[in-house]
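Chemist: Got a predicted model here, sequence first, then my questions.
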Amino acid sequence: MLHKIIAQKIIDLKNADLALREKLAQNGKLGKGYDAEMEKLHNQNAFMLDEIMEEIGYPTIEKVGKEAHEATWLIIQHAIAKPDFMKKCAKLLENAVVDDKNKASAKNLAYLNDRIAVFENKPQLFGTQFDWDENGELSPNVFDDLTKVNERRKSIGLNSLQEQTQIIRKYAQQENQLSPTDFGKRKQEMEEWKKNMGWIV
């Protein structure tokens, strides 16, 4: 590990994120829109991580160790109000995956690219992103083709989309996540939020 102090900073950012998420889950606030306190923390974490990347580039396993590398990805995944930052990180991560084999995670890249695709109202390629459907269940966001999705998932060591759907739904129950009471209203609010954030025109 080349940057031990920076690695700990990144891990601390992740831990603050997870602690707040746990608090919101216990209060039954997950799934009820983007909590203002969470958005503020996500934006702060993105700003601090961006400064770190200006200094050392993308925090690969070689640079910061496996835990901080994974923490980096989580911080990026949660920076949903920062489209330019997420897209910049996707390019940096792709370079790390393609050019520096085994120094960055192909799975993390798949999740990040899917997340960006969903926010841009495009089909995801790996089926990693889920949301509430009209039946009040967590289901994969729009994807291109189930067979192709499962082939891509298998190629990077992920389980099938059907298996992952069962896991996601069980996890949501354990976390006491509640489906939105008005699916149509939530969908409309999401589209407005995407426009306001600059994800879509």
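Modeler: Yep, it's here.
Chemist: which residues sit against the top helix by length along the chain?
Modeler: The helix that spans the most residues within the chain, counting by DSSP state H, is helix 4-26. Under the contact criterion Cβ atoms under 8 Å, 6 or more residues apart in numbering, helix 4-26 has outside partners 1, 30, 35, 37-38, 41-42, 45, 48-49, 52, 55-56, 59, 63-65, 67-68, 70-72, 74-75, 78, 175-177. (Each C-beta comes from the backbone N, C-alpha and C, glycine too.)
Chemist: That one: which residues count as buried?
Modeler: Of the residues in helix 4-26, I6, A7, K9, I10, I11, L13, K14, D17, L20, R21, L24, A25 count as buried by neighbour count, 16 or more other Cβ atoms under 10 Å.
Chemist: Equivalent analysis for stretch 92-106, please.
Modeler: L92, L93, E94, A96, V97, A104, S105, A106.
Chemist: I'd like the average pLDDT over it.
Modeler: Average pLDDT, stretch 92-106: 82.
Chemist: Show me what the mean pLDDT comes to for stretch 194-201.
Modeler: For stretch 194-201, mean pLDDT rounds to 95.
Chemist: distance between it and the chain's centre?
Modeler: Distance, stretch centre to chain centre, for stretch 194-201: 17 Å (Cα atoms, centre = their mean, to the nearest Å).
Chemist: Ends of that stretch, what's the gap?
Modeler: 8 Å (Cα to Cα, to the nearest Å).
Chemist: Which residues lie in contact with the residue most central in space within the chain in this structure?
Modeler: For the chain, Q77 is the residue whose C-alpha lies nearest the centre (Cα atoms, centre = their mean; 2.9 Å). Contact analysis of Q77 by Cβ under 8 Å, 6+ apart lists Y111, L112, R115.
Chemist: of all those, which comes closest to Q164?
Modeler: The closest of the contacts of Q77 to Q164 turns out to be Y111 (Cβ to Cβ; 11.5 Å).
Chemist: which residues does the closest one contact?
Modeler: Y111 is in contact with W73, Q77, F126, T128, Q129, counting by Cβ under 8 Å, 6+ apart.
Chemist: how does this structure divide up, domain by domain?
Modeler: Following the assignment in automatic domain parsing, the chain carries domains at 1-104, 123-201.
Chemist: Which of those has the highest mean neighbour count?
Modeler: Mean neighbour count (mean count of other Cβ atoms under 10 Å) peaks for domain 1-104 among those, with a mean of 17.
Chemist: Can I take it that M86 is in a strand?
Modeler: No. Counting by DSSP: H, G, I helix; E, B strand; the rest coil, M86 is located in no strand; its state is helix.
Chemist: In contact with it, which residues are there?
Modeler: Per Cβ under 8 Å, 6+ apart, neighbours of M86: I76, A79, I80, L112, R115, I116.
Chemist: Any idea how many residues pack against the last one?
Modeler: Taking other Cβ atoms under 10 Å as the criterion, the count of residues near I116 is 19.
Chemist: Could you check how far it is from P180?
Modeler: 23 Å (Cβ to Cβ, to the nearest Å).
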